[in-house]
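*Asks:* Quick check, what structure comes out for this input:
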Amino acid sequence: MYDGYKDVTDGLAKCYTTDLFTARTKKWIVDHHKAHPKQPFFTYLAFDTPHAPQQVPTTSHLTAKSNYPAGGGLTGGIQWNEGGKGGGNSGPHRGAKFSLYEGGLRIPAIISWPGHIPENQVRGQFATGCDWYPTILELCGISATKHRLDGKSLTPIIKSADTPTAHKTFHWKLGSKLAVRQGKWKMVVTGKKIELYDIPNDLGEAKNLAGKFPEVVTQLQQSNQEYWQSITQKEDATESGKGELDPGGPSPDRATSSNK
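*Replies:* Predicted coordinates for the structure are as follows:
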């Protein structure tokens with residue numbers, strides 16, 4: 001484990017990374033505020049938990065002898081069930097991690113900015129992880145980058161529950177599997193198997209409607225083919241020294257991972 005460029009692994013052996021990351025972040029925020037009380041800051045804190053195995057260290061805050069560093073913002077810790085099994089629970093959704101079904105794509109998001117955005121409200125519009133970059137840029141009043149972005153700012157949705165999603169179509173690819181979402185429709189392709197689901201009315205993706213709506217399947221297949229061809233053309237143009245596609249031109253939506 002590194003704190004910046006410093007290897008601190010030995011001194012923090014058998015501690016929970018979640019606790020350590022939290023403590024280090026809290027300390028940085030406190031130190032920064034003391035040194036620059038009027039200067040805004042941005043902190044990106046990415047935990048590597050929850051993740052298997054779920055284990056209690058031999059010298060943790062749950063045992064008599066603790067190896068946690070004193071101070072630094074650490075108060076309490078994450079409580080794990082020793083011997084528990086990983087995998088999670090996707091609720092009504094089908095699939096899990098490394099799946100292109102809703103259970104492998106959906107994750108919760110909590111947004112808090114007191115005095116600037118609505119409080120105690122819920123949004124159900126389609127959004128993805130790549131939307132956060134343009135969202136943060138807009139909220140901070142920073143000009144958008146000139147290169148092509150797949151993400152769309154969520155600011156209009158955050159401000160109003162009535163604002164529709166900015167994504168007309170979205171594409172995923174995971175190995176040889178792919179999925180396309182357009183409006184209420186979602187197509188999942190695994191090898192030669194094609195599945196079509198009406199997501200608002202079938203969250204569990206239990207009723208394959210591909211045979212009932214072949215015209216929708218054809219439309220989504222064409223959209224998917226055109227999208228990945230545009231990606232290939234962009235890569236070919238870059239490799240040949242011709243430059244990238246016009247960043248001001250139409251930009252279909254996509255993601256290349258099961259994580260939103």
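*Asks:* What ranges does the stretch 101-250 of the chain have for its helices?
*Replies:* Along the stretch 101-250 of the chain, the segments classed as helices by DSSP state H, counting those that start in this stretch run 102-105, 132-139, 155-159, 214-239.
*Asks:* Need the winner for burial among these.
*Replies:* Counting by mean count of other C-beta atoms under 10 Å, helix 102-105 has the highest mean neighbour count of the helices of the stretch 101-250 of the chain, with a mean of 22. Placement of C-beta: from N, CA and C, glycine included.
*Asks:* Just want to check the distance between residue 156 and residue 5.
*Replies:* Distance, residue 156 to residue 5, using C-beta to C-beta, to the nearest Å: 40 Å.
*Asks:* Can you say which of the helices of the stretch 101-250 of the chain is nearest to residue 179?
*Replies:* Counting by C-beta to C-beta, residue 179 lies closest to helix 102-105 out of the helices of the stretch 101-250 of the chain; the figure is 7.9 Å.
*Asks:* quick one: contacts for residue 123?
*Replies:* Counting by C-beta atoms under 8 Å, 6 or more residues apart in numbering, residue 123 touches 157-158, 161.
*Asks:* In the stretch 101-250 of the chain, where is pLDDT below threshold?
*Replies:* Across the stretch 101-250 of the chain, the ranges flagged by pLDDT under 70 are 234-250.
*Asks:* While we're on residue 259, how confident is the model there?
*Replies:* The score at residue 259 is 38. That number is its pLDDT.
*Asks:* ah, wrong one, I meant residue 60
*Replies:* Here, the pLDDT recorded for residue 60 equals 50.
*Asks:* Then the one 4 residues further on?
*Replies:* Reported pLDDT at residue 64 in the predicted model: 50.
*Asks:* Just the strands from the stretch 101-250 of the chain, written as ranges.
*Replies:* 169-174, 177-182, 185-190, 193-198 (DSSP state E, counting those that start in this stretch).
*Asks:* which one of the ones you listed lies closest to residue 229?
*Replies:* With C-beta to C-beta as the measure, strand 169-174 is the member of these nearest residue 229 (11.7 Å).
*Asks:* How confident is the prediction for residue 83, by pLDDT?
*Replies:* 37.
*Asks:* Take the strands of the stretch 101-250 of the chain and write them to TSV, including distance to residue 10.
*Replies:* Shown next, in TSV, are the strands of the stretch 101-250 of the chain (distance: least, C-beta to C-beta, whole Å):
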stretch	distance to residue 10
strand 169-174	37
strand 177-182	41
strand 185-190	45
strand 193-198	50
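*Asks:* So which of those strands is nearest residue 224?
*Replies:* strand 177-182 (5.0 Å).
*Asks:* how far off helix 214-239 does the closest one point, in degrees?
*Replies:* Angle of strand 177-182 versus helix 214-239, following axes from the mean of the first three to the mean of the last three C-alpha atoms, to 10 degrees, is 110 degrees.
*Asks:* Provide the contact partners of strand 177-182 at residue level.
*Replies:* Strand 177-182 is contacted from outside by 100, 105, 126, 167-173, 186-190, 199, 219-220, 223-224, using C-beta under 8 Å, 6+ apart.
*Asks:* Could you list the paired strands of that strand along with their orientation?
*Replies:* Sheet pairing for strand 177-182, assigned by DSSP bridges, gives strand 169-174 (antiparallel), strand 185-190 (antiparallel).
*Asks:* Tell me how this protein divides into domains.
*Replies:* 1-82, 169-239 (automatic domain parsing).
*Asks:* Go through those domains and name the closest to residue 140.
*Replies:* Smallest distance to residue 140 across the domains of the chain (C-beta to C-beta): 7.7 Å, for domain 1-82.
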